[in-house]
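Chemist: here you go, sequence then predicted model.
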Amino acid sequence: MFELHPLIIVLFALFCGNAQASSFEAGTEQVTAQLVASVDAVHPGDEILVGVQQRIIPHWHTYWKNPGDSGLATTIAYELPIGAKAGKIQWPTPNRITLGPVTSYGYENEVILLTKIKVPQDSGVGTAFPIKAKVKWLVCKESCIPQKVDLALDLPVVAPGADAGTGSPLIELARASLPSVSPWPISLTYSNDVLALRMTDAKLQSSGVKQVWFYPDEWGKIVQGAEQSWQLSGDALELQMKPGEARLSPGESLSGVLAITQDSGSGPVTRGYSVQVAGDAAVSEITALKSEVLEAASAKDGEPDLVLASALLLALLGGVTLNLMPCVLPVLSIKALSLIKHAQHSPLQTRLQGLAYTLGILTSFALLGGVLIAVKAGGAQIGWGFQFQSPVFVLVVAYLMFTVGLSLSGVFSIGGSVAGIGSSLAERPGYSGSFFTGVLATIVATPCTAPFMGAALGFALSQPPASLLAVFFCLGLGLALPYLLLSQWPSLQRRLPKPGVWMDRLKQGLAFPMYGAAVWLVWVLAQQAGVNAVAIALGGMVIIAFAAWLYEFTKHTGKAGQRSGFGVAVLSLGLVLVGGYFGVETTAATPLVNVEPVKNAEPYSAERLNELRSQGKPVFLNMTAAWCISCLVNEKVALSQSSVVDTFKRSGITYLKGDWTNRDPEITRILTEFGRSGVPLYVFYPAGAGNSTKPIVLPQILTPEIVTQAVAL
């Protein structure tokens, strides 16, 4: 029997211990590399992090995924057992490396490139899980050298529940160097000369920002060597860059890493933030809702970064949903009555009326989109429903609703169809009436914002004209779709009730929603232009009623009487419109009345919001307008309910309410920051100072439960 020498025992123990997770270094004169892992052993089915560590000698560097003006990105090809999978490289925030006119993005001294690896579920306990990697890089100083190495790491497979160890401490260092999600709302504006990223947060002013730089994920989006200028003004930080050769195309997002250097007290610290923004009104990922209930209710209205196809689909769905809004439903009902009347006798005429109605809507949306494009080209910021910020427009639409109501009530009639308002404008009765009913549906739809519309409109207003018009086309098509389908499918028409006396009764009943709409618009006018404008509006309605009665009365008095009655009616209407225009324009210059105050709400101002956020207090933000029907409904059914009011009081939530009834650049700015084209907008800022809390965007249709769940997160 022989005895082992103590030295041999020690060496054997060291060998066995090292075999638990064996790895080796490989490299060149300039770069040494090795594989490191987040564990010392693996369980079957685990997902682990594996990193390629590069140690680079001074004055040399390797490259990021977008190397910039020159260079090649490092590549890693993993060789794994059958069933194992490797993810994409997780790239740390790069550095800017300048050599003369050449600007590159890469790493100096040391970098760790992480990858997630999935261990197969059938890995045998007691065996080794081998990881091999073929790594290629380009290392440069004044000259560049392409290099490659083969790396390997064996990790033992242990039974489920067994200790897998903590792995290499380098993994945590690598995680800390990865870009994090931006804590600020970020928007993008671009032209032929400037790409500008804008961040807004109350704490930016006092955060000690020393340097800002943007690294795009793709080459050519910016000129790498051009200076990036930044300016901090109040709570907004703007970074301006020069566009590169690969210009942003319509619907394309700009993604990359925003590196911000701040004074930490012990010296400057640079942190990277992942950014992906589209157009001029996208918002960073912080606006995502934080509960599945809210995400479902929001119907994707909180999603800022949309590709064109998604925006078109959301616009189509939003247009369909608009038919259920109280502003559109009466007009759709009028068209349904017309369909019932003609479906039994003339299928061809029914189809043509459906097409005429659709054409009226699409034409109106095209004109609306054209106006938006023209106004935006002039430098103004506007959004959905912007025309209702004009008191004159509100007055004209109020007159239109009142006139439609008079026609439905039988005070006067033009043409023979139920929807025949305007049908005398064409030789064939009913078709032009259907066209102008489509125009009317578009007009009354604009104060409403339906689910699915918010993200689509926010995307559209940030895109080039072609994309904007495409989104508006889909929105109009969605609005026309229910009636269009009904008019084109006889099988659906056969399910409609047969015409009869009930149609006249229903037609007369539909006059009252029109009168109600006129009353509501007069109330909106009061908020915008005061009590004198209300007097002008009511006086004008009296004259309109007289003109309508006179027109109908003289229709049965011979041609001379008809001409006289028609002339007096037209003259009366002309006086109403001219007097209304000058009268309302004058009164609109007087101090305006705010939207109906809410007991638990304060008027919104950027200064007040910044003050509350700097104090770490929770804030609920409501952007509304008197002409926004969805806003008014939400306030009545949700925000004014005792359960919501009590929750706000109990949680110490300050309720700020912004009024967009008239154009307000400050409110337009915050709508733009959150990727919205118009009201309503509901945002909850949880308690907590600085960037420790992220705002939550609520859906555009609220219930008390949605609000209380959002503020309880």
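Modeler: The structure has been received and is ready for your questions.
Chemist: ok, the closest residue to A159 other than its chain neighbours - how many residues close by?
Modeler: What sits nearest to A159 in space, not counting adjacent residues and going by C-beta to C-beta, 6 or more residues apart in numbering, is V125, at 4.9 Å. Every C-beta, even on glycine, is put in place using the N, C-alpha and C of the backbone. Neighbourhood size, V125 [other C-beta atoms under 10 Å]: 12.
Chemist: how much space separates V125 from K617?
Modeler: Separation of V125 from K617 (C-beta to C-beta, to the nearest Å) stands at 54 Å.
Chemist: show me where the stretch 201-350 of the chain has its helices.
Modeler: Remark: helices assigned in the stretch 201-350 of the chain by DSSP state H, counting those that start in this stretch are 292-298, 308-322, 329-343, 347-377.
Chemist: ok, of these, where does mean pLDDT dip lowest?
Modeler: The stretch with the lowest mean pLDDT among these is helix 292-298, at a mean of 32.
Chemist: W230 reaches L237, doesn't it?
Modeler: Yes. Using C-beta atoms under 8 Å, W230 is in contact with L237, at 6.5 Å.
Chemist: comparing the two, which residue is more hemmed in?
Modeler: Counted by other C-beta under 10 Å, W230 and L237 do not tie: L237 has more neighbours, with 23 against 18.
Chemist: and the pLDDT for the more buried one?
Modeler: pLDDT, L237: 86.
Chemist: that one contacts R198, doesn't it?
Modeler: Yes. L237 lies in contact with R198 (C-beta under 8 Å); the separation is 7.3 Å.
Chemist: looking at the chain, which helix or strand is least sure?
Modeler: helix 292-298 (a mean of 32; mean pLDDT, DSSP states H and E).
Chemist: hey, what's in contact with both of W230 and L237?
Modeler: Listed as contacting both W230 and L237 by C-beta atoms under 8 Å, 6 or more residues apart in numbering are V209, V212.
Chemist: any idea which element the residue nearest to Q90 when sequence neighbours are not counted lies in?
Modeler: Excluding the flanking residues, the one nearest Q90 by C-beta to C-beta, 6+ apart is L114, at 4.3 Å. If you go by DSSP states H and E, L114 is part of strand 110-118.
Chemist: using PDB, list the CA coordinates for that strand.
Modeler: The C-alpha coordinates for strand 110-118 follow below in PDB (Å, rounded to 0.1, in the frame of the first residue of the first chain):
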ATOM      1  CA  GLU A 110     -12.200  46.700 -21.200                       C
ATOM      2  CA  VAL A 111     -15.600  45.700 -22.400                       C
ATOM      3  CA  ILE A 112     -17.900  42.700 -21.700                       C
ATOM      4  CA  LEU A 113     -20.400  41.700 -24.300                       C
ATOM      5  CA  LEU A 114     -23.300  39.800 -22.700                       C
ATOM      6  CA  THR A 115     -25.600  37.200 -24.300                       C
ATOM      7  CA  LYS A 116     -28.500  35.200 -22.900                       C
ATOM      8  CA  ILE A 117     -28.100  31.400 -23.300                       C
ATOM      9  CA  LYS A 118     -30.900  28.900 -22.800                       C
END
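Chemist: residues making contact with stretch 149-160?
Modeler: So stretch 149-160 is contacted by 19-24, 26-28, 33-37, 39-44, 48, 50, 52, 119, 123-135, 164 (C-beta under 8 Å, 6+ apart).
Chemist: counting only strands, which of those make the cut?
Modeler: 22-23, 26-27, 33-37, 48, 50, 52, 128-135 (DSSP state E).
Chemist: just confirm T661 is within a strand.
Modeler: No. Assessed by DSSP: H, G, I helix; E, B strand; the rest coil, T661 does not belong to a strand; its assignment is coil.
Chemist: what separation do you get for A159 and L80?
Modeler: The value you get for A159 to L80, if C-beta to C-beta is used, is 21 Å.
Chemist: with A26 instead?
Modeler: Taking C-beta to C-beta, one finds A26 at 18 Å from L80.
Chemist: cool, Y105 as well?
Modeler: 29 Å.
Chemist: and those two? Which one has more around it.
Modeler: Applying other C-beta under 10 Å to Y105 and L80 shows that Y105 carries more neighbours, namely 27 against 18.
Chemist: can you name the residues that contact the more buried one?
Modeler: Contact analysis of Y105 by C-beta under 8 Å, 6+ apart lists Y63, W64, N66, P67, G68, G71, P94, N95, R96, I97, Y215, Q224.
Chemist: A strand includes the third one, no?
Modeler: Yes. The secondary structure assignment for N66 places it in a strand, going by three-state DSSP.
Chemist: and the gap between L698 and R676?
Modeler: 12 Å.
Chemist: so which of those two has more stuff around it?
Modeler: R676 (30 against 27).
Chemist: which SS state does the more buried one fall under?
Modeler: With three-state DSSP as the basis, R676 sits in coil.
Chemist: pLDDT score for it?
Modeler: R676 carries a pLDDT value of 72.
Chemist: what about it, distance to K116?
Modeler: Going from R676 to K116 by C-beta to C-beta gives 35 Å.
Chemist: kindly report the same for F553.
Modeler: Per C-beta to C-beta, F553 is found 82 Å from K116.
Chemist: now do I56
Modeler: To K116, I56 is 24 Å away according to C-beta to C-beta.
Chemist: the two: which is more packed in?
Modeler: Each of I56 and K116 has its neighbours counted (other C-beta under 10 Å); I56 has more, 21 against 15.
Chemist: what about G45, neighbour count?
Modeler: 12.
Chemist: residues contacting the closest residue to it other than its chain neighbours?
Modeler: Among residues not flanking G45 along the chain, Q121 sits closest, at 4.3 Å (C-beta to C-beta, 6+ apart). Residues counted as contacts of Q121 (C-beta under 8 Å, 6+ apart) are P44, G45, G83.
Chemist: what helix or strand does Q121 sit in?
Modeler: Using DSSP H and E, Q121 falls outside every helix and strand.
Chemist: that one and V157, how far apart?
Modeler: Computed with C-beta to C-beta, the distance linking Q121 and V157 is 11 Å.
Chemist: how about I443?
Modeler: Distance of I443 to V157, given as C-beta to C-beta: 69 Å.
Chemist: that'll do, ta.
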